[in-house]
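A.B. asks: okay, sequence plus prediction incoming.
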Amino acid sequence: MPARILAVANQKGGVGKTTTAINLASALALAGQRVLVVDLDPQANLTSGVGLKGQTAPGGTVYHALTADVGDGRQFVLATNVQGLSLVPADRNLTGAEVELVTLPEREARMRSLLAGLRDGFDYIFIDTPPSLGLLTLNALVAADAVLIPLNCEYFALEGLADLVSTLRRVRASLNPSLDIAGVLLTMHDERTNLGQQVARDIRAFFQDRVYQTVIPRNIRLGEAPSHGVPAVLYDAKSKGAEAYTALARELLAREAAAPREQHHG
Ligand SMILES: Nc1ncnc2c1ncn2[C@@H]1O[C@H](COP(=O)(O)OP(=O)(O)O)[C@@H](O)[C@H]1O
Ligand SMILES: [Mg+2]
């Protein structure tokens, strides 16, 4: 079965998109899944978070994969130090892609084309997106089967979400009718504060069973791991943050087993 493609998206920065992409993907890889992560943020935090900052695949980076004629997509894939985890890396060039894509044919569907040639080799593909709803994020949403939305448990968590929801609606109406919400993930949760608990309750009231049972706590190891270029689930597997992402991987696999996926486009 071709890979399930999940876009990790929320146009707010600092909500845990990249941390989620790295650690959920790594936890799934450690559980024996074949996983590809695609870094689609010009800040390239995901690429450095797996220790491959500045590295280029034989074909180049995701920038080249999106803006040139792709050919074989495998030339953009790098192995990582995590067994079973591969990466399409990003670098600063990607900043220009947002503008360059505008004049290219199929400008919203270029990621989908790239992944069409890759999805047979993986079980899961995660796309980490930048904090905006521009063409890069649009490419991720058009390529994806479903979107995973991290929300940090802070007062303004739901603010701006209407924009994301209307973007999802727009993508469904045109380029990707089967785009689904995979789940909403509560991140940076501080159970000691009433605010954190209140916000978590509000988000569950709003999104109901779309919200993953697993909650990611605020945990210093999740913040430290990227500077060592190692996913937190390996850097300190016993930390609360790593345990939460491992639990999330289990929850995701269990959900899939309970509701076998349909065959989508691609
Ligand atoms: N649960 C967490 N606890 C503590 N720090 C976190 C947590 N999740 C992410 N961080 C840190 O917060 C910052 C923003 O997270 P990041 O995943 O980069 O967000 P985004 O990709 O949405 O901008 C990073 O420095 C990251 O290491
Ligand atoms: Mg990020």
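C.D. replies: Cool, the structure landed. Residues are numbered from 1 along each chain as shown. Ligands and ions are numbered 1, 2, ... in the order given.
A.B. asks: which residues of the chain score low on pLDDT?
C.D. replies: Confidence mapping of the chain against pLDDT under 70 gives the ranges 260-266.
A.B. asks: cutoff 90 now
C.D. replies: For the chain, residues meeting the criterion pLDDT under 90 lie at 1, 69-71, 153-162, 191-200, 202-203, 206, 255-266.
A.B. asks: and the helices in it, which stretches?
C.D. replies: Per DSSP state H, the chain has helices spanning 17-30, 45-49, 62-67, 94-100, 110-116, 135-143, 161-173, 194-207, 220-224, 232-235, 240-258. These are given in chain order.
A.B. asks: isn't P231 up against S26?
C.D. replies: Yes. Counting by Cβ atoms under 8 Å, P231 does reach S26; the two are 3.9 Å apart. Using the backbone N, CA and C atoms, a C-beta is placed for each residue, glycine as well.
A.B. asks: nearest to ligand 2, of the helices of the chain?
C.D. replies: For these, the distance to ligand 2 is smallest for helix 17-30, at 3.3 Å, taking Cβ to the ion.
A.B. asks: hmm, who's touching that closest one?
C.D. replies: Surrounding helix 17-30, the residues in contact under the criterion Cβ atoms under 8 Å, 6 or more residues apart in numbering are 8-10, 35, 37, 41, 45-46, 49-50, 82-85, 123-124, 126-129, 131, 148, 150, 185, 187, 216, 222, 226, 231-234, 241-242, 245-246, 248-249, 252-253.
A.B. asks: rewinding a little: identify the contacts common to P231 and S26.
C.D. replies: Applying Cβ under 8 Å, 6+ apart, one finds that P231 and S26 are jointly contacted by V50, V82.
A.B. asks: ok, Y212 to L101 distance?
C.D. replies: In this structure, Y212 and L101 are 32 Å apart, going by Cβ to Cβ, to the nearest Å.
A.B. asks: what's the local residue count around G49?
C.D. replies: Other residues within reach of G49 by the criterion other Cβ atoms under 10 Å amount to 27.
A.B. asks: list the residues that contact it.
C.D. replies: T18, T19, I22, A225, P226, G229, P231.
A.B. asks: give me that answer again for 6 Å
C.D. replies: Shown here is G49, whose contacts under the criterion Cβ atoms under 6 Å, 6 or more residues apart in numbering are I22, P226.
A.B. asks: ok, now V15?
C.D. replies: If you count contacts by Cβ under 6 Å, 6+ apart, V15 has them with P150, N152.
A.B. asks: distance of it relative to ligand 2?
C.D. replies: According to Cβ to the ion, to the nearest Å, V15 and ligand 2 sit 9 Å apart.
A.B. asks: next, that residue: phi, psi?
C.D. replies: According to degrees, to the nearest 10, the main-chain angles of V15 amount to phi -100, psi 0.
A.B. asks: adjust the sequence numbering to begin at 564 for everything that follows.
C.D. replies: Okay, residue one is now 564; in that scheme the one you just asked about reads as V578.
A.B. asks: how about the residues of this structure by ligand 1?
C.D. replies: By the criterion of Cβ under 6 Å from any ligand atom, the positions of the chain lying close to ligand 1 are 576-582, 608, 694, 750-751, 779, 781-782, 785-786, 789, 804.
A.B. asks: residue with max distance from the center of this protein?
C.D. replies: Ranking residues of the chain by C-alpha distance from their mean position (Cα atoms, centre = their mean) puts N757 at the top, at 28.9 Å.
A.B. asks: skipping adjacent residues, who's closest to A810 in space?
C.D. replies: Sequence neighbours aside, T777 is the residue nearest to A810 in space, at 4.7 Å (criterion: Cβ to Cβ, 6 or more residues apart in numbering).
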